Structure formats: structure tokens, C-alpha cells
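Q: Test case, fold it:
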Amino acid sequence: MKKMLALLFTLGLVSSLAGGALAALEHPEIAFCTGEPGAIFNTLGEAMVSVLKKEIPGRKFAVVTTSGSNINCKQVGMANREIGFTQEETLRMAIKGGNRKAGFDASLPNIRVVSRLHSHFIHVMVRNDAGIKNLSDLKGKKIALGPAGSGSAAVVGSLLESAGFTSKDLSGTSYSPVAGYASKLQSKQLDAAIVVQGLQSQLVAKALASGAVLLPVTPEASQNMAATNDSYHPNSIPKGTYPGQDQDVPTMATSIFLITHAGVDNQIVYSITKTLYSEGMANAHPLLKQLSLQKAAQNPPVALHPGAERFYKEKGVIK
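A: Alright, predicted model coming up:
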């Protein structure tokens with residue numbers, strides 16, 4: 001199964017990186033790598049950029065749509081772009097290097113952390129009429145794993161591996177943009193779709209409204225997943241997060257980081273970090289209300305950018 005996941009993931013990533021490289025030929029002063037249209041990274045990035053444009057006059061900001069964490073780390077780490085979102089596991093892989101299947105043959109030592117943001121949760125969405133009651137029932141089903149080459153797809157692969165799936169169990173899996181998952185579940189083109197999103201995801205809410213339900217991640221799969229990678233930790237999607245969700249749903253979560261590279265000007269990163277923890281930013285998107293200044297610089301996987309570090313020292317968060 002590992003070989004199959006590696007091959008599928010690598011093929012998807014090569015395609016994503018090729019597109020990203022072409023798009024990077026011309027970009028504004030501060031290009032913000034987000035995610036695919038309609039996904040959390042993209043909507044969150046649009047909300048943040050709208051505030052940054054108002055609060056930091058004289059600087060150009062632009063949202064760049066991508067396939068997600070992997071391409072964001074690659075583009076920012078190679079200084080093709082200035083800032084972006086990434087999941088913790090992907091960030092660790094990018095810094096370490098030596099991971100060909102994830103597209104990080106060599107390490108990207110120039111990546112710097114701006115802030116730890118919030119958590120993303122694995123959402124396992126299944127059709128309520130597909131006869132799927134637990135993870136093992138997913139074997140042989142038509143499952144969407146997320147966009148090709150995305151950090152989410154890597155997380156989903158780790159989940160299925162932790163649940164004991166083999167290559168023959170994945171014959172019906174596919175990589176595709178998340179925007180159409182709700183309609184594909186409703187029309188029975190998919191039996192299940194697994195995404196890694198922030199809470200109160202519009203995508204998930206739409207899928208549940210169309211008749212899908214959230215499947216819990218089993219304790220065994222959670223333990224296996226956490227044992228192999230400390231970027232994941234057991235958590236739950238609290239009841240009431242989505243319409244009709246009347247109980248907590250056990251799952252796994254990972255931290256999301258805002259990253260930049262060492263070559264970005266200290267003053268602009270300081271200004272971005274300061275704006276990130278402003279009242280205007282908190283009101284721009286529901287997820288931005290979850291940001292914690294106390295956790296922002298807590299145990300980053302890679303060094304903080306000096307501009308961000310300056311802000312946190314001024315606030316007394318770090319010494």
C-alpha cells in the first residue's frame with residue numbers, strides 16, 4: 001500500500017509543482033500561497049489579505065491559489081513566493097528533506113515560521129446510504145482523498161495506512177479538487193470523501209446538508225497514526241460544529257502554520273505578524289478568532305522569522 005500511495009501522491013505532486021513553477025514567473029511583492037478555490041486555506045487567505053491591504057498601505061498583496069501545503073512549502077522555501085499556509089507534517093518534511101514521494105528530495109532550510117495558527121481536523125464524510133459504519137467499511141469504496149499533491153492527501157494516506165488498509169483496498173480511491181465533493185456524494189459518484197479542514201468548514205457543512213455524515217476515527221487508527229508521527233494528535237469535532245451533528249466525532253488534528261522565507265524583509269514580516277493579531281484580523285474570518293498569541297511561537301518546527309520574533313518579544317510571548 002505504501003508503494004501505491006507513494007506513486008499516486010508523487011504523480012499528483014509533480015503535476016502541481018509544474019503548474020506552480022509556471023505561475024511563479026511573475027508575482028507581486030507579497031504573494032500569499034493559499035489552497036484551491038473554496039477550500040479553507042483559500043478563503044482564509046483571502047480574508048487575511050483583505051485586512052493586510054488595509055492595515056499595511058504601500059505594500060502589494062495577492063492571493064495565489066495552489067493545491068495546498070506541499071506546493072506552498074516548495075514555493076516559499078525556494079523564494080518563489082513570500083508567504084503561505086502549511087500543515088505541520090508537511091513543514092517538517094520540507095525542512096528535513098530526503099522524502100522523494102512528498103516532493104522534498106532536498107531540504108528547504110530557508111523556510112521560517114511567522115505563526116502557529118489553528119488546528120485542522122480530519123473529516124471523514126460518507127454517504128448515509130452507503131452502508132459505511134466504520135473505517136474498515138471504506139475498503140473497496142469510491143473515496144476521494146483530496147487534491148493531488150496536497151498536504152491533505154498525505155494526511156489521508158497516513159490515516160488509511162494506520163487503519164490497516166492495503167493496496168487492494170484502495171482500488172476505488174481518487175485525487176480531485178474538494179469543491180465538488182458535496183455534489184459527488186449526493187449523486188453517488190463518491191461513497192466517501194476525506195478532507196483535512198478547519199472547524200465549521202463550509203465544504204463539510206455543504207456535504208452534510210446534502211445527506212453525508214461524519215465517520216469517527218477509531219482509537220486504534222488514532223494511536224497508530226500518532227505513534228508514527230507526532231504532528232498528529234487525537235481530538236474531536238465538537239457536537240454542534242455542523243448542522244445536525246448531535247455528538248462529538250473522534251478524529252485526528254494537526255497544527256497549521258503561516259510560513260515565509262529568510263529573505264523576506266524583517267519589517268514587512270513584523271507588520272504582517274502584528275496585523276495577524278489585530279482586532280480587524282480577528283473579525284475577518286471565524287478561524288482567525290481561534291488564534292492564540294500565547295501559542296503563536298510555541299515550539300515551532302523551524303526557526304521563527306526575525307520580524308515575527310521581534311513582535312513576539314515585544315509582546316512578552318518569548319524572551
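Q: Which secondary structure state is assigned to residue 268?
A: helix (DSSP: H, G, I helix; E, B strand; the rest coil).
Q: who are the neighbours in contact with it?
A: With contact set as CB atoms under 8 Å, 6 or more residues apart in numbering, residue 268 has these partners: 30, 56, 59, 307. Where C-beta positions appear, they are placed from N, C-alpha and C, glycine not excepted.
Q: ok, the third one to residue 275 distance?
A: By that I understand residue 59. Distance, residue 59 to residue 275, by CB to CB, to the nearest Å: 11 Å.
Q: Which neighbours do those two have in common?
A: With CB under 8 Å, 6+ apart as the test, residue 59 and residue 275 both reach residue 52.
Q: Got the domain ranges for the chain?
A: The chain resolves into domains spanning 9-118+256-314, 120-254 when parsed by automatic domain parsing.
Q: I'd like these laid out as a markdown table, including mean pLDDT.
A: Shown next, in a markdown table, are the domains of the chain (pLDDT from 0 to 100):
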| stretch | mean pLDDT |
| --- | --- |
| domain 9-118+256-314 | 87 |
| domain 120-254 | 89 |
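Q: Show me the helices in the stretch 51-200 of the chain, by range?
A: 69-77, 88-96, 151-162, 181-186 (DSSP state H, counting those that start in this stretch).
Q: no wait, the stretch 201-319 of the chain
A: Using DSSP H, counting those that start in this stretch, helices in the stretch 201-319 of the chain cover 202-209, 219-228, 266-276, 279-282, 293-296, 306-314.
Q: Distance to residue 244 added to the ones you listed, as TSV?
A: Output for the helices of the stretch 201-319 of the chain, formatted as TSV (distance: least, CB to CB, whole Å):
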stretch	distance to residue 244
helix 202-209	6
helix 219-228	24
helix 266-276	33
helix 279-282	28
helix 293-296	31
helix 306-314	40
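Q: Which among those is found nearest to residue 84?
A: Of all the helices of the stretch 201-319 of the chain, helix 266-276 sits nearest to residue 84, with 12.0 Å by CB to CB.
Q: residues of the closest one that come out buried?
A: 268-276 (16 or more other CB atoms under 10 Å).
Q: If you count residues, where's the longest strand of the protein?
A: Ranked by residue count, the top strand of the chain under DSSP state E comes out as strand 111-127.
Q: Can you tell me which residue sits nearest the middle of this structure?
A: Most central in the chain under CA atoms, centre = their mean is residue 87, positioned 4.7 Å from the mean C-alpha point.
Q: and which of the contacts of residue 268 is nearest residue 100?
A: residue 30 (30.9 Å).
Q: Touching, that closest one and residue 60? I think so.
A: Yes: assessed by CB atoms under 8 Å, residue 30 is found in contact with residue 60 at 6.3 Å.
Q: who's more crowded, these two?
A: residue 30 (22 against 11; other CB atoms under 10 Å).
Q: The more buried one bridge partners, please.
A: residue 61 (DSSP bridges).
Q: The longest strand of the chain: how far from the chain's middle?
A: 5 Å (CA atoms, centre = their mean, to the nearest Å).
Q: Check stretch 225-241 too.
A: With CA atoms, centre = their mean, you get 14 Å for stretch 225-241.
Q: Quick one: end-to-end distance for that stretch.
A: Stretch 225-241 has an end-to-end distance of 24 Å (criterion: CA to CA, to the nearest Å).
Q: thinking again about what came up before, now the contacts of residue 268 in CSV, with distance to residue 292?
A: Listed next are the contacts of residue 268 as CSV, based on distance: CB to CB, whole Å:
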residue, distance to residue 292
30, 24
56, 22
59, 26
307, 20
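Q: wait, which of those is closest to residue 137?
A: residue 30 (45.8 Å).
Q: how near is the closest one to residue 275?
A: Counting by CB to CB - residue 30 and residue 275 are separated by 12 Å.
Q: any residues in contact with both of the two?
A: residue 52.
Q: Please point out which parts of stretch 56-70 sit buried.
A: For stretch 56-70, by 16+ other CB under 10 Å, it's 56, 61, 63-70.
Q: now, which of those residues lie within strands?
A: Going by DSSP E, the strands hold 61, 63-64 from the buried residues of stretch 56-70.
Q: For residue 278, give me its contacts.
A: Residue 278 touches 51, 55, counting by CB under 8 Å, 6+ apart.
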